[in-house]
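# using only what follows, build the 3D model:
(one chain, ligands or ions: 2)
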Amino acid sequence: MSETVADVLIIGAGASGAALAWSLAETRMHVVCLEQGGWIESSDLPGIATDWEVRQAADFNFSPNTRGRPEDYPVNDAESPIAISMFNAVGGSTILYAAHFPRFHPSDFRVRTVDGVGDDWPLDYEQLTPWYNLNSRMMGVSGLTGDPAYPADPPKEFALPPIRLGRLGETLARGFNRLGWHWWPSDSAIASEDYEGRAGCINAGTCLVGCPQGAKASTDVTYWPIAIRRGVELRTRARVREITVGPDGMADGAVYYDADGVEQRLRAHVVIVACNGIGTPRLLLNSRSKHFPDGLANRSGLVGKNLMFHPYGIITGVFDEALEGYKGPPGCSLMSHEFYETDAARGFVRGYSFEMLRGFGPVSTALYGVAGGRVFPGPGHHEGVAPMIDRTAGIAAICEDLAEPENCVTIDPELTDSDGIPAPKVTYRLSENSRRMLDHAVARGKELMEAAGARDTLTQAPLMMAGWHLMGTARMGTDPRTSVVNDWGRAHDVKNLFIVDGSIFVTAAAVNPTNTIQALALHVADSIKRNLGNLFD
Ligand SMILES: Cc1cc2nc3c(=O)[nH]c(=O)nc-3n(C[C@H](O)[C@H](O)[C@H](O)COP(=O)(O)OP(=O)(O)OC[C@H]3O[C@@H](n4cnc5c(N)ncnc54)[C@H](O)[C@@H]3O)c2cc1C
Ligand code: SF4
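Ligands and ions are numbered 1, 2, ... in the order given. Predicted structure coming up:
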């Protein structure tokens, strides 16, 4: 076993770990990041070849259980109607993400005050705005200012003009206009033009298996190259088994397995966890010691509790005319926040957003047609699929989940990864509020498709594979009895331990979380820098 000492140890090199590492780099401290995955070369991405949809079902599957790469860990999600989706590599799940990049609404940080459910966050929209804007520049976010769904002041800043709507987007926009519903060009972490050494999007449409062009802002092409140039040490194929604690109850480093499966020890003065809403509670719960017999930083008993997803409904319209849905990023074109805030008349609290989806590739069109009962395997299959190819447009309803302690991540008593580290188990039940919200969203989605001119509509709700927004399992707050970390990500129980990923969310909002995850990581990094002198007080 070898041993080195770092000033700061970051665990996880995904969306949050990268932003934090970049920010801390300017301190010239010895910052080391341990990441269980490796670098994904653009030449290894499925999008460079025509069999990309086949690889999406195999080594680039959303589910770590199906992918089963050596760097993946299994997740027991048998007790959840929503399966876990993530990726383990430099860049983390941003390698696969759709890069739809909206910000939370001001009300999302004040849900208890506004709607009497959930809890308020210990910080607000105004405090995060500078970090959202910084993240916009660092990730190269494309979008259009002036969205009436957000406050005019402080304004949302974008680095680039929005992604084009395309024929499909214009078709759905006409539907929204006919109904008089809000829509706006999406905030997208995709470079609509060349940006800071990254080539602009060429509309190849394979974002969900990675972007060989480098236009999609996965953090392996945004934050990491700069962080490494500035001196951060990134160790790949380094899988952390546990965070260790000294005699004083402070975190003092980690034990990990290197690429050869050899156990290594890294000592550190400050430890920061960025392993996502599943990997973080797993690591904390696996880090048991005399000081923390129930898992590190878990005196509140809340580590792993309050898991939130975004229950998804997908509404797909089948049109008579070609929509050129293959041209452009599949999840980034337009969004609607018409049903975002609570309206008591709808029979549920909080709300949902719509995110436009472009068309599917031929394999997905066929599979979706079969699942939707529109086409069948066997004779006549091709004749059934042909009228759907490039004739479908979709929208995803992203529903706000409410935190419930019974929805949780625990340690599976039997399952382990390839290094023998105990694996997480997810227990999740769709709430009555979410069910009603999904029903409402599906009904509105069908209305939209009709208004846009669709001749047929297919729906899926909840979407089984949609466990890709992982939040709430180490929530922030001011009271150590009801939260795990404070308003700058510091664990109440361990003063030199921080958490920066979606685990620290108090509420889920009704938009994709990654912009907020990274804005929070930048805020935490800034707070650490400002408090360096008294971190251990
Ligand atoms: C298919 C898909 C589509 C998505 N689309 C969107 C979208 O359009 N918009 C959006 O906002 N979000 C989207 N997301 C979600 C987005 O990717 C995540 O919110 C974001 O990446 C989370 O950032 P993170 O830093 O918390 O975790 P991740 O990015 O998942 O990174 C965590 C990292 O920690 C590493 N790690 C975990 N445990 C250990 C350990 N024990 N030792 C060492 N390393 C470890 C992992 O290998 C991983 O690289 C999508 C995700 C998927 C899978
Ligand atoms: S559509 Fe654009 S962002 Fe997506 S993979 Fe293609 S080039 Fe990359």
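
# from now on I want contacts and neighbour counts done on CA atoms only, so please keep to that.
OK.

# buried stuff in the one helix or strand L520 maps to?
L520 belongs to helix 514-530 when elements are defined using DSSP states H and E. Buried residues in helix 514-530, counted by 16 or more other Cα atoms under 10 Å: 514-526, 528.

# farthest pair within the residues you listed?
Using Cα to Cα, the two most remote members of the buried residues of helix 514-530 are T514 and I528, lying 20.8 Å apart.

# one step back: I'd like the buried residues of helix 514-530 as JSON lines, with distance to ligand 2 and pLDDT appended.
Formatted as JSON lines, the buried residues of helix 514-530 follow (distance: Cα to the nearest ligand atom, whole Å; pLDDT from 0 to 100):
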{"residue": "T514", "distance to ligand 2": "16", "pLDDT": "98"}
{"residue": "N515", "distance to ligand 2": "17", "pLDDT": "98"}
{"residue": "T516", "distance to ligand 2": "20", "pLDDT": "98"}
{"residue": "I517", "distance to ligand 2": "20", "pLDDT": "98"}
{"residue": "Q518", "distance to ligand 2": "19", "pLDDT": "98"}
{"residue": "A519", "distance to ligand 2": "21", "pLDDT": "98"}
{"residue": "L520", "distance to ligand 2": "24", "pLDDT": "98"}
{"residue": "A521", "distance to ligand 2": "24", "pLDDT": "98"}
{"residue": "L522", "distance to ligand 2": "24", "pLDDT": "98"}
{"residue": "H523", "distance to ligand 2": "27", "pLDDT": "98"}
{"residue": "V524", "distance to ligand 2": "29", "pLDDT": "98"}
{"residue": "A525", "distance to ligand 2": "28", "pLDDT": "98"}
{"residue": "D526", "distance to ligand 2": "30", "pLDDT": "98"}
{"residue": "I528", "distance to ligand 2": "33", "pLDDT": "97"}
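
# what parts of the stretch 51-200 of the chain come near ligand 1?
Counting by Cα under 6 Å from any ligand atom, the positions of the stretch 51-200 of the chain adjacent to ligand 1 are 62, 85-94, 96-101.

# which of the residues you listed are close to ligand 2?
Counting by Cα under 6 Å from any ligand atom, no member of these reaches ligand 2.

# from those, which land in helices?
The helices, defined by DSSP state H, take in nothing from those.

# returning to that earlier point: mind putting the buried residues of helix 514-530 into TSV with distance to ligand 1?
Below are the buried residues of helix 514-530 laid out as TSV (distance: Cα to the nearest ligand atom, whole Å):
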residue	distance to ligand 1
T514	4
N515	6
T516	8
I517	7
Q518	8
A519	11
L520	11
A521	9
L522	12
H523	14
V524	13
A525	14
D526	17
I528	18
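
# buried set for stretch 134-141?
Neighbour counts over stretch 134-141 (16+ other Cα under 10 Å) mark 134-141 as buried.

# on that earlier part again, helices or strands next to the helix holding L520 in the packing?
Counting contacts by 3 or more Cα pairs under 8 Å, 6 or more residues apart in numbering; DSSP states H and E, helix 514-530 is packed against helix 15-25, helix 125-139.

# winner for burial among the ones you listed?
Highest mean neighbour count of these: helix 15-25, a mean of 27 (counted as mean count of other Cα atoms under 10 Å).

# now the residue of the chain most remote from its centre: how far from S333?
Centroid-distance maximum for the chain: P379 at 40.3 Å, with Cα atoms, centre = their mean. Per Cα to Cα, to the nearest Å, P379 is found 36 Å from S333.

# likewise A15?
Distance, A15 to S333, by Cα to Cα: 22 Å.

# so how far is ligand 1 from R28?
Taking Cα to the nearest ligand atom, to the nearest Å as the measure, R28 falls 22 Å from ligand 1.

# state the number of residues packed around the closest residue to that residue other than its chain neighbours.
Leaving out its chain neighbours, the residue that sits closest to R28 by Cα to Cα, 6 or more residues apart in numbering is G231, at 7.3 Å. By other Cα atoms under 10 Å, 19 other residues sit near G231.

# dump the helices and strands packed on helix 514-530 to CSV, plus mean pLDDT.
Output for the helices and strands packed on helix 514-530, formatted as CSV (pLDDT from 0 to 100):
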stretch, mean pLDDT
helix 15-25, 98
helix 125-139, 97
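
# got the angle between the helix holding L520 and helix 15-25?
Computed with axes from the mean of the first three to the mean of the last three Cα atoms, to 10 degrees, the direction of helix 514-530 lies at 30 degrees from that of helix 15-25.

# going forward can the numbers begin at 234, since that is how I track them
All set: I'll call the first residue 234, so the last point we hit is now helix 747-763.

# I'd say G735 and I750 touch.
Yes: using Cα atoms under 8 Å, G735 is in contact with I750, at 5.7 Å.

# what segments of the stretch 384-533 of the chain are strands?
For the stretch 384-533 of the chain, the strands defined by DSSP state E, counting those that start in this stretch cover 417-418, 466-468, 472-478, 484-490, 496-506.

# can you list the strands that the shortest one pairs with?
Pointing back at strand 417-418 there. Note on strand 417-418: by DSSP bridges, its sheet partners are strand 567-569 (antiparallel).

# which residues does the partner strand contact?
By Cα atoms under 8 Å, 6 or more residues apart in numbering, the residues outside strand 567-569 that reach it are 398, 402, 406, 414-419, 586-589.

# what does stretch 500-511 give?
The contact list for stretch 500-511 (Cα under 8 Å, 6+ apart) reads 236-247, 249-250, 484-487, 513, 537, 540, 642, 657, 703-706, 729-736.

# re the thing from before, sticking with the residue farthest from the centre of the chain, tell me its helix or strand.
Counting by DSSP H and E, no helix or strand carries P612.

# okay, the nearest residue to G280 once chain neighbours are set aside: pLDDT?
Excluding the flanking residues, the one nearest G280 by Cα to Cα, 6+ apart is T439, at 5.5 Å. At T439, the predicted lDDT confidence score is 92.

# can I assume T439 is in contact with L278?
No: T439 is beyond contact range of L278, at 9.5 Å (criterion: Cα under 8 Å).

# the more surrounded of these two?
Each of T439 and L278 has its neighbours counted (other Cα under 10 Å); T439 has more, 25 against 18.

# any idea how far L567 is from the more buried one?
Distance, T439 to L567, by Cα to Cα: 18 Å.

# can you show me the CA trace of the longest helix anywhere in the chain as CSV?
Counting residues, the longest helix in the chain under DSSP H turns out to be helix 665-685. Below are the C-alpha coordinates for helix 665-685, written out as CSV (Å, rounded to 0.1, in the frame of the first residue of the first chain):
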residue,chain,number,x,y,z
GLU,A,665,-49.8,9.9,-5.5
ASN,A,666,-48.8,13.6,-6.2
SER,A,667,-46.4,12.4,-8.9
ARG,A,668,-49.0,10.1,-10.4
ARG,A,669,-51.6,12.9,-10.7
MET,A,670,-49.0,15.2,-12.1
LEU,A,671,-48.0,12.6,-14.8
ASP,A,672,-51.6,12.1,-15.7
HIS,A,673,-52.1,15.8,-16.2
ALA,A,674,-48.8,16.1,-18.2
VAL,A,675,-49.7,13.3,-20.5
ALA,A,676,-53.2,14.7,-21.2
ARG,A,677,-51.7,18.2,-21.9
GLY,A,678,-49.0,16.6,-24.0
LYS,A,679,-51.6,14.9,-26.2
GLU,A,680,-53.4,18.2,-26.6
LEU,A,681,-50.2,19.7,-27.7
MET,A,682,-49.5,17.0,-30.3
GLU,A,683,-53.0,17.4,-31.7
ALA,A,684,-52.6,21.2,-31.9
ALA,A,685,-49.3,20.7,-33.7
